[in-house]
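> Mind looking at a prediction? Sequence and model below.
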Amino acid sequence: MSSRQQIPLLFGFDVIHGYKTLFQIPLGEAASWDPQAAKLADSIAAAEARVSGIHWTFAPIMDLARDPRWGRVMEGSGEDAFLGSEMAKARVLGFRVNDYSRPDKVMACAKHFAGYGAAEAGRDYASVDMSERQLREVYLPPFKAAIEAGIGSVMTAYMDLNGVPISGNQWMLRKILREEWGFDGMVVSDFMSISDSINPQFSADDAEAAMHALNAGIDMEMVSASYANNTAQLIRDKKVTMDTVDAAVGHILRAKFRLGLFDNPYTDERLASKIVLNQNNLQTARKLAAGTFVLLKNDKNTLPISKRVKRVAVIGSLANDKEQTMSSWNAQASADDSVTLLEAIINRLGSAAVKYAPGCNFTCESTTCFAEAVKVAAATNMEVLVLGEPKEFNGETASQVDIGLPGRQMALVKAIAGTRKPFVVVLMNGRPLTIEELATIAPAILVTWRPGTMGGPAVADVLFGDVNPSGKLPMTFPRSAADSIKVSVDVKNTGKREGDEVVQLYVRDVAASVARPLRHLQVFKKIHLAVGEKKQVDFVLGKKELGFLDINWHWTVEAGRFMVYVGNSSDTTLSLNFTVSNTYTEIPKVPLSHQ
């Protein structure tokens, strides 16, 4: 405050799902289908952050995502626009209530505006190409809901939308955000996103990148110095007007006034010891985490585990690692404060009743320790098998091609199942996983996401019946993450003579933007069968078999439900269905001619 204008500093930080007390990740939080729980979690995060000197959080993330390969699905509320909007409103109110100048509140930031979650093939920072209808109906509603809830700032996305980087997109930032929605808060770029607009050949150099961003309506640049190095010259060259700069400065000053920083720029550090990581916060985190878990399967009432159980085996390295209760966005949370599932079960039953074996490490590339795990499991009455992804597989720049259980984890499942003792699989994951084989073997499966500081006790509360799991999936768990689908059918000759058979496969796109056949022949195979012989016939379906020409004459596979029929004629009743989670459109390099 010693500067001539006495303008206070604004301190921002990534408080994504907690500050010192770490709560469930946002995707898991959405699995609670409880906006009030999300509001409570963020009100605690806001209080801890504000007494620690933080005024502004770069949250909540409002990116709808429908491709689970994308690493940042863990940060959003899943795939549905309505659920995402309700969670967005709740989280904004948790951070700010009605007045973020209060000593226990912070200014929230809606990010990443907008369409970032629709990146091609789930690749971080990849281009997004979509219709305006899809943008407005699916990807924009959570942002609009946040603005209606009174959010104070918006962060722009990294990528380009329909060929124009968001960092220089006047249609998005001025027409929609400012003019249509009436947003009067502050717009900030994402990390280096202004200078990065040089890479897609949108800006020739740093000065041009700054020009595009200022004219588009970005008020503050994060990290890079395109504004600091070039704004004065851009004004002299009449490429940016002084009115534009004044408006940007005004939005920043308004944010600081609304935060009360001109009246009270300092933090009373003595409050931190009473508020940060206190017992109320920890017990709230435990309760809220338990409400986010999803019970995918529970054959023969495997859960809850009897509290009179004599011996329990806990298998899996994820059960005994404090770091793995956390995520890639930990704010100021420390792993030392986390309680693992192994610790929580021992605290319940006593160390004599609990046996532990890691089975393998997080990536499970070796089976060396499987024998020890089987031996430990066989000597107990109940087995808790903790599987999933290490936290390093989730978050920014952590997109994955294969979203099944890493390494040899399925082999470990089969080894444990071989003991013929009851067991439950606890999944720790930051995205939907392909677990179709697991679901056929495990008698019980509990999805726990990345549950935070008190994740261990929360999981134990569910396993032992203190809490009835009520979570529901906010995002589809796909059968496969591959770009193709394998369909297999067994064909048997039940007649008295050998002969040939034609196995035909028909596809139905249940709802498409262009009228499609009820059954469309896509693949067939002619096979020879001896009397009583049975053969497996395999078909592979990809973009060619599932796509069609859209209204613009582009080859397209649209997201949605498909039916597959297999038989010896088109009226076969043997069928299965599956869902394609993302639309694929093949854009020709040479424009189509309509001559």
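Alright, I've got the coordinates.

> I'd like the secondary structure assignment at residue 117, please.
Under DSSP: H, G, I helix; E, B strand; the rest coil, residue 117 falls in the helix class.

> Could you check how many residues crowd around it?
Residue 117 has 26 neighbours, counted by other CB atoms under 10 Å. The way it works is simple: take the backbone N, C-alpha and C, and place the C-beta from them, glycine included.

> So that it lines up with my notes, have the first residue be 4 from now on.
Right, with 4 as the first residue, what we last looked at is residue 120.

> What distance do you get for it to residue 85?
From residue 120 across to residue 85, the span is 15 Å (CB to CB, to the nearest Å).

> Then residue 324?
Distance from residue 324 to residue 85, by CB to CB: 36 Å.

> Which of those two has more residues huddled nearby?
residue 324 (22 against 10).

> Identify the residue nearest the more buried one in space, chain neighbours excluded?
Spatial nearest neighbour of residue 324, excluding adjacent residues (CB to CB, 6 or more residues apart in numbering): residue 343 at 6.6 Å.

> quick one: contacts for residue 464?
Residue 464 is in contact with 289, 293, 470, counting by CB atoms under 8 Å, 6 or more residues apart in numbering.

> what sits against the second one?
Applying CB under 8 Å, 6+ apart to residue 293 gives the contacts 461, 462, 464, 465, 470, 472.

> how near is residue 197 to residue 249?
Residue 197 is 19 Å from residue 249, by CB to CB.

> which of the two has more neighbours?
The neighbour count for residue 197 versus residue 249, taken as other CB under 10 Å, is higher for residue 197 (29 against 10).

> doesn't residue 229 make contact with the more buried one?
Yes - Residue 197 is in contact with residue 229 according to CB atoms under 8 Å; the separation is 4.9 Å.

> Between these two, which contacts overlap?
212, 213, 216.

> Give me the subset of the residues you listed that lies in helices.
212, 213, 216 (DSSP state H).

> ok, of those, which one's closest to residue 165?
Nearest to residue 165 among these: residue 216, at 17.8 Å, using CB to CB.

> Quick check, that closest one in contact with residue 229.
Yes - using CB under 8 Å, residue 216 makes contact with residue 229 at a distance of 7.0 Å.

> joint contacts of those two?
residue 197.

> which other residues reach stretch 480-500?
Residues contacting stretch 480-500 (CB under 8 Å, 6+ apart): 71-72, 299, 404-407, 435-439, 502, 504, 506, 508, 530, 532-546, 567, 569, 577, 579, 581-582, 584.

> how about it: buried residues?
480, 481, 484, 488, 490, 492, 494, 496 (16 or more other CB atoms under 10 Å).

> got the CA positions of that stretch in PDB?
Output of stretch 480-500 as PDB, limited to C-alpha atoms (Å, rounded to 0.1, in the frame of the first residue of the first chain):
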ATOM      1  CA  PHE A 480     -18.400 -45.500 -17.600                       C
ATOM      2  CA  PRO A 481     -17.700 -46.700 -21.200                       C
ATOM      3  CA  ARG A 482     -17.400 -50.300 -22.200                       C
ATOM      4  CA  SER A 483     -14.300 -49.500 -24.200                       C
ATOM      5  CA  ALA A 484     -12.100 -46.400 -24.800                       C
ATOM      6  CA  ALA A 485     -11.000 -47.700 -28.200                       C
ATOM      7  CA  ASP A 486     -11.800 -46.100 -31.600                       C
ATOM      8  CA  SER A 487     -13.400 -49.400 -32.600                       C
ATOM      9  CA  ILE A 488     -15.800 -51.900 -31.100                       C
ATOM     10  CA  LYS A 489     -15.400 -55.700 -31.300                       C
ATOM     11  CA  VAL A 490     -18.600 -57.700 -31.600                       C
ATOM     12  CA  SER A 491     -18.300 -61.500 -31.300                       C
ATOM     13  CA  VAL A 492     -21.000 -64.200 -31.800                       C
ATOM     14  CA  ASP A 493     -20.900 -67.900 -31.500                       C
ATOM     15  CA  VAL A 494     -22.500 -69.800 -34.400                       C
ATOM     16  CA  LYS A 495     -23.200 -73.600 -34.100                       C
ATOM     17  CA  ASN A 496     -24.400 -76.000 -36.700                       C
ATOM     18  CA  THR A 497     -27.300 -77.800 -35.000                       C
ATOM     19  CA  GLY A 498     -28.400 -79.700 -38.100                       C
ATOM     20  CA  LYS A 499     -27.500 -83.100 -39.400                       C
ATOM     21  CA  ARG A 500     -25.500 -82.000 -42.400                       C
END
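
> Now do it: distance to the chain's middle.
How far stretch 480-500 lies from its chain's middle: 31 Å, per CA atoms, centre = their mean, to the nearest Å.

> likewise stretch 242-256?
35 Å.

> pLDDT on that stretch, on average?
Averaged across stretch 242-256, pLDDT comes to 98.

> Which residues are in contact with the residue minimising distance to the centre of the chain?
The chain has residue 76 as the residue nearest its centroid, 1.6 Å off, counting by CA atoms, centre = their mean. Applying CB under 8 Å, 6+ apart to residue 76 gives the contacts 30, 68, 70, 120, 397, 433, 434, 435, 478.

> Could you tell me how many residues sit around the last one?
Residues near residue 478, counting by other CB under 10 Å, number 23.

> same question, the second one
Under the neighbour criterion other CB under 10 Å, residue 68 is assigned a count of 30.

> nearest residue to it other than its sequence neighbours?
residue 120 (3.8 Å).

> Then the last one?
Closest residue to residue 478 in three dimensions, ignoring its sequence neighbours and counting by CB to CB, 6+ apart: residue 81, at 4.0 Å.

> Could you verify my assumption that the one you found touches residue 474?
No - using CB under 8 Å, residue 81 is not in contact with residue 474, being 11.8 Å away.

> hey, what's in contact with both of those two?
In contact with both residue 81 and residue 474: residue 34, using CB under 8 Å, 6+ apart.

> how about residue 171, phi and psi?
Dihedral pair for residue 171: phi -130, psi 30, per degrees, to the nearest 10.

> any idea how far residue 157 is from the closest residue to it other than its chain neighbours?
Excluding its sequence neighbours, the residue lying closest to residue 171 (CB to CB, 6+ apart) is residue 215, at 3.2 Å. Residue 215 is 17 Å from residue 157, where distance means CB to CB.

> Tell me which of the two has more neighbours.
residue 157 (27 against 23).

> could you say what helices and strands the helix or strand hosting that one packs with?
Per DSSP states H and E, residue 157 falls inside strand 156-159. With contacts defined as 3 or more CB pairs under 8 Å, 6 or more residues apart in numbering; DSSP states H and E, strand 156-159 has these neighbours: strand 112-116, strand 189-191.

> Which helix or which strand is home to residue 238?
Applying DSSP H and E, one finds residue 238 within helix 229-239.

> Quick check: buried residues in that helix?
Residues of helix 229-239 classed as buried by neighbour count (16+ other CB under 10 Å): 229, 230, 233, 234, 237.

> With pLDDT and distance to residue 35 as extra columns, can I get those in TSV?
Output for the buried residues of helix 229-239, formatted as TSV (pLDDT from 0 to 100; distance: CB to CB, whole Å):
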residue	pLDDT	distance to residue 35
229	96	41
230	97	40
233	97	46
234	98	45
237	98	47
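
> With distance to residue 427 as extra columns, can I get those in CSV?
Converted to CSV, the buried residues of helix 229-239 look like this (distance: CB to CB, whole Å):
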residue, distance to residue 427
229, 53
230, 54
233, 59
234, 59
237, 62
